[in-house]
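*Asks:* Please work out how this folds:
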Amino acid sequence: MHSINKIIKVTSEKGVIGLVKALQVHLAISMNRLLYRLYQFTPVKDILVFESEGDLTDNAYALFDYMRCNGNLKKYKVYWLVNDIESAKRYAERNGGFPNTEFVKKFPRKVDLKWSKCLATCRFFFYDHSNVMHNLDKRSNQTIVYLTHGFAGYKAGKKAQVDKTKPDYVTVTSNLSEKLYPCFEDFGSAKFIHCGMPRLDYLMCFDKNIEEKIEHRYKLSSYKKVLLWMPTFRESNHKEISEDYMKTETHLPIVYTREQLMHLSQYLVRMQTVLILKIHPLQLDLPVFCENYDNILFLKDEQLHQLNVQLYQFIKLTDALITDYSSISADYMLLDKPMIFTVDDYEEYKKSRGGFIPNNAIDYWAGSHVKSLKEFYDALERIITNFDDYKEERKRLMPQFYEDTRMISAKKLVDFFDL
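*Replies:* Below you'll find the model as predicted:
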């Protein structure tokens, strides 16, 4: 009865042609799962599979990049699960090519032998966002590693999906992170590895070629200070992580209108400072962000992708961070630079998420907590004029976030799994 009702609903919404296409996709998914089970009768091979949100990014790419540069991939066949195969190929070509590497559609809507085969026969699957094997049965001699995509704490809201196959290992940076992660997701019997996150290695690495590309594109050296603003995205198609109360012109905290954004840009011009605003792609479609602001630049994922620059290679070149409830603040602490936290909607956000994890999350935010435009400008002025009021507070909190600040996470993973 449920299936019939679903067919009726799809037909009414998309018509007969839409129904046929939906049935074709459903059939393809079923066929891929069947092929996966058939390939399980073949041996597990020296195959590595990688996945990241935003193709070729985050912790999965940082680990892959380390292994590629240090010759660890020579004995493996590598598959990257991506959304855009052609874009991934161009990225690889700009990087001189990725030996022994193929790109496969992450969520194929057609029958895909490579997808089924690589997952059924891989020795390791490293992911930082989507466990595509969550509804598949894996073999005991296969290893799934969740590289995570940020410090475990702050925003509450536990994953509702029940996974058939959970990761075997989860990477964390400290005991605090290990303690908090189960509050978000049930990892079953997974073991926690205290090796950090590979993307953080970029914060400590000097790459002249990368820095020259960033300078050529953004001209950061022409400013007295470079500020990075990475606010939490407060709206989503996923009801459990959407904050419907934020309905201002900008959908930003503190700076609510075009006029306020324009005044901020003018202030930054006077202070010889640039603000790099990294907001969600859906926010960039708002009319207010279609205008030009002299000293406010919008950092887009596709810009970095076209430059073959990873986000954390860019972040290290900034002088201060503005954020709110994002775990980026935990990452940024490694740079030992000032931070500003916008908390004007703290109570609303807390209510919409059912609280913070841990409950006293705000005590871990080592920086100015601002609730108004005046407080925001006061905090900016302190940083631009070279005051760092929370340096000792960061130093006090650092051991709770990181057991090891050398940032050799990728090497630790390679050594741990003898890759």
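
*Asks:* Residue ranges in the chain under the pLDDT threshold?
*Replies:* Applying pLDDT under 70 to the chain flags residues 1-16, 18-20, 152-161, 234-246, 353-357.

*Asks:* domains of it?
*Replies:* 15-196+409-416, 207-401 (automatic domain parsing).

*Asks:* Now render those domains as CSV, adding mean neighbour count.
*Replies:* Just so you know, the C-beta spots here come from the backbone N, C-alpha and C atoms, and that holds for glycine as well. CSV is the format used below for these (neighbours: other Cβ atoms under 10 Å):
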stretch, mean neighbour count
domain 15-196+409-416, 17
domain 207-401, 17
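
*Asks:* My understanding was that D163 contacts L136; is that so?
*Replies:* No: with contact defined as Cβ atoms under 8 Å, D163 does not reach L136; the gap is 9.9 Å.

*Asks:* wouldn't Y267 be in contact with E381 here?
*Replies:* No: using Cβ under 8 Å, Y267 makes no contact with E381, being 9.2 Å away.

*Asks:* Apart from its neighbours in sequence, what residue is nearest the residue nearest to the spatial centre of the chain?
*Replies:* In the chain, the residue lying closest to the centroid (Cα atoms, centre = their mean) is H149, at 5.1 Å. Spatially, and ignoring its direct neighbours in sequence, H149 is nearest to D128 (4.7 Å; Cβ to Cβ, 6 or more residues apart in numbering).

*Asks:* related to what we said a few turns ago, what sits in contact with each of Y267 and E381?
*Replies:* Applying Cβ atoms under 8 Å, 6 or more residues apart in numbering, one finds that no residue jointly contacts Y267 and E381.

*Asks:* Tell me who's in contact with K300.
*Replies:* P281, L284.

*Asks:* Could you report the distance from it to D84?
*Replies:* With distances taken as Cβ to Cβ, to the nearest Å, K300 is found 15 Å from D84.

*Asks:* got it, and K21?
*Replies:* For K21, the distance to D84 equals 20 Å [Cβ to Cβ].

*Asks:* bridging residues for the nearest residue to K191 once chain neighbours are set aside?
*Replies:* Of all residues not flanking K191 in the chain, Y169 sits nearest, at 5.3 Å (Cβ to Cβ, 6+ apart). Per DSSP bridges, the residues bridged to Y169 are V145, K191.

*Asks:* give the contact list for Y169.
*Replies:* Contacts of Y169 (Cβ under 8 Å, 6+ apart): T143, I144, V145, Y146, A190, K191, F192, I193.

*Asks:* what does N70 give?
*Replies:* V414.

*Asks:* tell me the phi and psi of it?
*Replies:* phi -110, psi 10 (degrees, to the nearest 10).

*Asks:* hey, where'd the strands end up in the stretch 251-400 of the chain?
*Replies:* Using DSSP state E, counting those that start in this stretch, the strands assigned to the stretch 251-400 of the chain run over residues 273-277, 296-298, 320-323, 339-342, 356-357, 368-370.

*Asks:* Please identify which of these is closest to E185.
*Replies:* Counting by Cβ to Cβ, E185 lies closest to strand 356-357 out of the strands of the stretch 251-400 of the chain; the figure is 11.6 Å.

*Asks:* what's the spacing between the closest residue to E393 other than its chain neighbours and D388?
*Replies:* Take E393 and drop its neighbours on the chain: the residue closest to it by Cβ to Cβ, 6+ apart is A366, 4.2 Å away. A366 is 11 Å from D388, where distance means Cβ to Cβ.

*Asks:* Show me where the stretch 251-400 of the chain has its helices.
*Replies:* Here the stretch 251-400 of the chain has its helices, by DSSP state H, counting those that start in this stretch, at 258-270, 301-307, 311-315, 328-332, 346-353, 373-384, 391-401.

*Asks:* can you check the stretch 51-200 of the chain too?
*Replies:* Using DSSP H, counting those that start in this stretch, helices in the stretch 51-200 of the chain cover 58-69, 85-94, 113-121, 175-180.

*Asks:* In a markdown table: the ones you listed, plus distance to T248.
*Replies:* Output for these, formatted as a markdown table (distance: least, Cβ to Cβ, whole Å):
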| stretch | distance to T248 |
| --- | --- |
| helix 58-69 | 29 |
| helix 85-94 | 33 |
| helix 113-121 | 42 |
| helix 175-180 | 31 |
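
*Asks:* right, and the ones you listed - which one's nearest F401?
*Replies:* Nearest to F401, of all the helices of the stretch 51-200 of the chain, is helix 175-180, at 6.8 Å by Cβ to Cβ.

*Asks:* gap between the closest one and the chain center?
*Replies:* 19 Å (Cα atoms, centre = their mean, to the nearest Å).

*Asks:* do the same with stretch 382-390
*Replies:* Counting by Cα atoms, centre = their mean, stretch 382-390 is centred 28 Å from the centre of its parent chain.

*Asks:* Output it in PDB with nothing but the alpha carbons.
*Replies:* Backbone C-alpha positions of stretch 382-390 (Å, rounded to 0.1, in the frame of the first residue of the first chain) are rendered in PDB as follows:
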ATOM      1  CA  ARG A 382      41.200  45.800  18.900                       C
ATOM      2  CA  ILE A 383      42.300  43.200  16.400                       C
ATOM      3  CA  ILE A 384      43.200  45.600  13.600                       C
ATOM      4  CA  THR A 385      45.300  47.700  16.000                       C
ATOM      5  CA  ASN A 386      47.200  44.600  17.000                       C
ATOM      6  CA  PHE A 387      45.600  43.700  20.400                       C
ATOM      7  CA  ASP A 388      45.200  40.100  21.200                       C
ATOM      8  CA  ASP A 389      43.100  40.000  24.400                       C
ATOM      9  CA  TYR A 390      42.500  36.200  24.500                       C
END
